Every structure is written in C-alpha cells, then in structure tokens.
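Novice: Starting from these lines, generate the structure:
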Amino acid sequence: MAPRTAIPNEGPMSNFVGPFDVPSRLTDQAYHVQFSHLWNGIATRHSDTVDTKFFVDGAGVIVGLSHTGFIAFRERASRDLTDREGALLAAEFLRERLEQEDERLLYDVSESDVLRLIEKTGIR
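Specialist: You can find the predicted model right below:
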C-alpha cells in the first residue's frame, strides 16, 4: 500500500471497518467478520491495550492492541494513531489469525506486531 496520512474518525465507530470475509488457508472454511467498536483496555481488562471488538460468525472476539505500540508510533510519526487506524490494525491482525484458523476469543497483539501492522498497512 502507498503511504498515507492520518485516516480521520468520520462516521459511526461501527463503520470504521466494513464487514469482510476471511478464507482459511488450511481448509475451505470462510469466516464472516464485522467490526463493532474499540475502547481503552486499561480500565476494563487492566491491560495496557486498546481493545477492539469484532463479531466472527456472530461470536464476539476481542483484539487488544499494545498501547506501547501506539506510543512508539507517536514518537516516530509525531502524531497519534486515530481510532479508525487502530481498528484497521486490529482487523488486519484478526485476518492473519483467521487465515491460519487460529480462533480465539481474545488476542493480545504485542508492540512489535502493532508496529509491523502499521508498516504493512502503510500508515504514516
């Protein structure tokens, strides 16, 4: 992807990431994914994360993005990640896991994975 500037938080949060399907690389299974919302995980899970909620085939799934990855991005880019960008990073991580049929109710995404996903998606 080409580098881009901040993706603004426009419209309802539930529309930050459109519904998408993920085919498994291992079987013929396809997962239907819908983004719901994000929130600060420090208050609810006592974790240093920004949590995102998705529905995978109707079941709730949480993807917690390491807050230290957000801080490292801010130090490099001199700006904060938007909520929409965080949702896109979480969606990309979830897509990667589901392609491998790594189904969980909770994923904790490390700082290094947050930074890897930022590079992969071309967020600048």
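Novice: low-scoring pLDDT stretches of the protein, where are they?
Specialist: Across the chain, the ranges flagged by pLDDT under 70 are 1-5, 43-46.
Novice: center of it - which residue?
Specialist: Taking CA atoms, centre = their mean, the centroid of the chain lies closest to residue 90, which sits 0.7 Å from it.
Novice: Quick check: that residue touching residue 61?
Specialist: No - counting by CB atoms under 8 Å, residue 90 stays clear of residue 61, with 9.8 Å between them. Bear in mind the C-beta positions are built from the backbone N, C-alpha and C, glycine included.
Novice: any common contacting residues for these two?
Specialist: Counting by CB atoms under 8 Å, 6 or more residues apart in numbering, the contacts common to residue 90 and residue 61 are residue 54.
Novice: looking at it, residue 51 is touching residue 37, isn't it?
Specialist: No - Residue 51 lies out of contact with residue 37 (CB under 8 Å); the separation is 9.1 Å.
Novice: Show me which of the two is the more surrounded one.
Specialist: Between residue 51 and residue 37, counted using other CB atoms under 10 Å, residue 51 has the larger neighbour count: 22 against 14.
Novice: which SS state does that one fall under?
Specialist: strand (DSSP: H, G, I helix; E, B strand; the rest coil).
Novice: And it, how close does it get to residue 62?
Specialist: 5 Å (CB to CB, to the nearest Å).
Novice: Check residue 52 too.
Specialist: 7 Å.
Novice: likewise residue 50?
Specialist: Taking CB to CB, one finds residue 50 at 11 Å from residue 62.
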